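1. okay, here's the prediction I keep looking at, along with the sequence it came from:
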Protein chains: 2
Amino acid sequence: MPESPQQAPPAARRRKDGLVILHTGAGKGKTTAALGLALRAVGHGMRVCMVQFIKGKWQCGEHHAAPLLGELFEIHPMGDGFTWDTRDREADMRRVRAGWQLAMDKVAAGGCRMLILDELLYVLSYDYFPLQEVLDFIARKPADLHLVLTGRNPPQALIDAADLVTEMVAVKHPYQQGIKAQKGIEF
Amino acid sequence: MPESPQQAPPAARRRKDGLVILHTGAGKGKTTAALGLALRAVGHGMRVCMVQFIKGKWQCGEHHAAPLLGELFEIHPMGDGFTWDTRDREADMRRVRAGWQLAMDKVAAGGCRMLILDELLYVLSYDYFPLQEVLDFIARKPADLHLVLTGRNPPQALIDAADLVTEMVAVKHPYQQGIKAQKGIEF
């Protein structure tokens, strides 16, 4: 079932090839929905690159699944563990910068149709990366590139620059009920 | 970055293998996040079965992507087009029943670790299928089976029976801005 807003659509509907998409909110599903977009895009033959700014090189289902999607999907975990070690802010900022540069290199190399910057919003909210650089990229990115950003608390300027913003709200969370994180669900 | 509720966790944290998960709300990402869960689960070697109650046999990215995930993922679109032709309620209800039976057969055959019933909540909200039958299934389903239900307006009894409920809220939608549905994003 497609999402059908109740209001009438604008009279002149236009095609836009590369959307800027934010998945935000405190609920589950931000990264998961980005993975779903990747799966769908690869299904259409699009090349997808995902950079994970927080998650480290631990055993994630998506990292096992990535080879299944073949050469059209690549995933790059830049984090250094389950959460950052924020005791070394400079090192963390260098890691973010390295992830950003990797993403820019992938786009510059051409052929990438979807770029997922997982948890970049989190990084921005802690001032680990300049927002303006992200806004500049959005302004000059290839027209056919879908850009997907996930994380909490997006700055208003990014919401303004985005085409699609979805907030994932936790109505009920298993953690609240004393259930451990699940393989295949949470990671 | 895992979701970390602010409150203290219960003292005795228990393992629960098969969660009941609802993706609801008017925003994007309900089905997409379910696909992401499927990708992650397949990455862990789990068998996933997805039945789509609304979407028809049109060209969806996920249907092209399904073969990429190999024999661990199967997807069954039971709908008859982009939206239902609700002029024939009896036929629609038979179609829902057929989808449900297919799902039950897959579970009964064994080996399925995740069952995604896409848009079943929509079906329930229109009384096209008895809620009690879904609740009964939840009560007696295999303990290691993750059950993922998507759609709007879940009945409270289902929220009560669920372990994880996420509401996808549309903060900003491209449709509102006169942008057409996108291949690789919306379908």
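-> Sure thing, it's come through.
2. which residues sit against the longest strand seen in chain A?
-> Ordering each strand of chain A by length in residues (DSSP state E) puts strand A:164-172 first. With CB atoms under 8 Å, 6 or more residues apart in numbering or on different chains as the contact definition, strand A:164-172 has outside contacts at A:19-30, A:33, A:154, A:159, B:3, B:5, B:22, B:24-25, B:27-29, B:33, B:159, B:162-174, B:185. Where you see a C-beta, it was placed from the backbone N, CA and C, and this is true even at glycine.
3. mark which of those residues are buried, thanks.
-> Buried subset of these (neighbour count, 16 or more other CB atoms under 10 Å in any protein chain shown): A:19-30, A:33, A:154, B:3, B:22, B:24-25, B:27-29, B:33, B:162-174, B:185.
4. which positions in stretch A:129-138 come out as buried?
-> Within stretch A:129-138, the residues scored as buried using 16+ other CB under 10 Å are A:129, A:134, A:137-138.
5. tell me the mean pLDDT for it?
-> Throughout stretch A:129-138, pLDDT has a mean value of 97.
6. contacting residues for A:Ala98?
-> Contacts of A:Ala98 (CB under 8 Å, 6+ apart): A:Met78.
7. again with A:Trp100
-> Contacts of A:Trp100 (CB under 8 Å, 6+ apart): A:51, A:117, A:129, A:133.
8. give me the subset of those residues that lies in helices.
-> Members of the contacts of A:Trp100 lying in helices (criterion: DSSP state H): A:Glu133.
9. among the contacts of A:Trp100, which one sits closest to chain B?
-> Closest approach between the contacts of A:Trp100 and chain B, by CB to the nearest CB: A:Leu117, at 12.9 Å.
10. number of nearby residues for that closest one?
-> 25 (other CB atoms under 10 Å in any protein chain shown).
11. residues contacting it?
-> Residues in contact with A:Leu117, defined by CB under 8 Å, 6+ apart, are A:51, A:53, A:99-100, A:103, A:147-150.
12. got any ranges where chain A has weak pLDDT?
-> Residues of chain A meeting the criterion pLDDT under 70: A:1-16, A:55-61, A:79-87, A:174-187.
13. can you do 50?
-> Applying pLDDT under 50 to chain A flags residues A:1-13, A:57-58, A:81-83.
14. and the longest helix for it?
-> The helix spanning the most residues in chain A, taking DSSP H as the definition, is helix A:89-109.
15. ok, and for that helix, which residues are buried?
-> Result for helix A:89-109 [16+ other CB under 10 Å]: buried residues A:92, A:95-96, A:99-100, A:103, A:106-107.
16. could I get these as CSV with distance to B:Met46?
-> As requested, the buried residues of helix A:89-109 are exported to CSV (distance: CB to CB, whole Å):
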residue, distance to B:Met46
A:Asp92, 33
A:Arg95, 31
A:Val96, 32
A:Gly99, 29
A:Trp100, 33
A:Ala103, 30
A:Lys106, 30
A:Val107, 33
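17. hmm, which two among those are most spread apart?
-> A:Asp92 and A:Val107 (23.1 Å; CB to CB).
18. correct me, but A:Thr150 touches A:Leu120?
-> Yes. Proximity of A:Thr150 to A:Leu120 meets the contact threshold set by CB atoms under 8 Å, at 7.2 Å.
19. closest one of the buried residues of stretch A:129-138 to A:Arg47?
-> Of those, the one sitting nearest to A:Arg47 (CB to CB) turns out to be A:Phe137, at 17.9 Å.
20. dump the residue contacts of that closest one.
-> If a contact means CB under 8 Å, 6+ apart, then A:Phe137 has A:104, A:147 as its contacts.
21. ok, now with 10 Å
-> A:20, A:100, A:103-104, A:107, A:115, A:117, A:145, A:147 (CB atoms under 10 Å, 6 or more residues apart in numbering or on different chains).
22. quick one, the helix or strand harbouring it and helix A:89-109 angle?
-> Taking DSSP states H and E as the definition, A:Phe137 sits inside helix A:131-140. Put simply, helix A:131-140 runs at 10 degrees to helix A:89-109, going by axes from the mean of the first three to the mean of the last three CA atoms, to 10 degrees.
23. output helix A:131-140 as PDB, nothing but the C-alphas.
-> Taking Å, rounded to 0.1, in the frame of the first residue of the first chain, the C-alpha atoms of helix A:131-140 are listed here in PDB:
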ATOM      1  CA  LEU A 131      26.900  20.600   8.800                       C
ATOM      2  CA  GLN A 132      27.700  23.100   6.100                       C
ATOM      3  CA  GLU A 133      29.800  20.500   4.300                       C
ATOM      4  CA  VAL A 134      26.800  18.200   4.200                       C
ATOM      5  CA  LEU A 135      24.600  21.000   2.900                       C
ATOM      6  CA  ASP A 136      27.200  21.900   0.300                       C
ATOM      7  CA  PHE A 137      27.300  18.200  -0.900                       C
ATOM      8  CA  ILE A 138      23.500  18.100  -1.100                       C
ATOM      9  CA  ALA A 139      23.600  21.300  -3.300                       C
ATOM     10  CA  ARG A 140      26.100  19.900  -5.700                       C
END
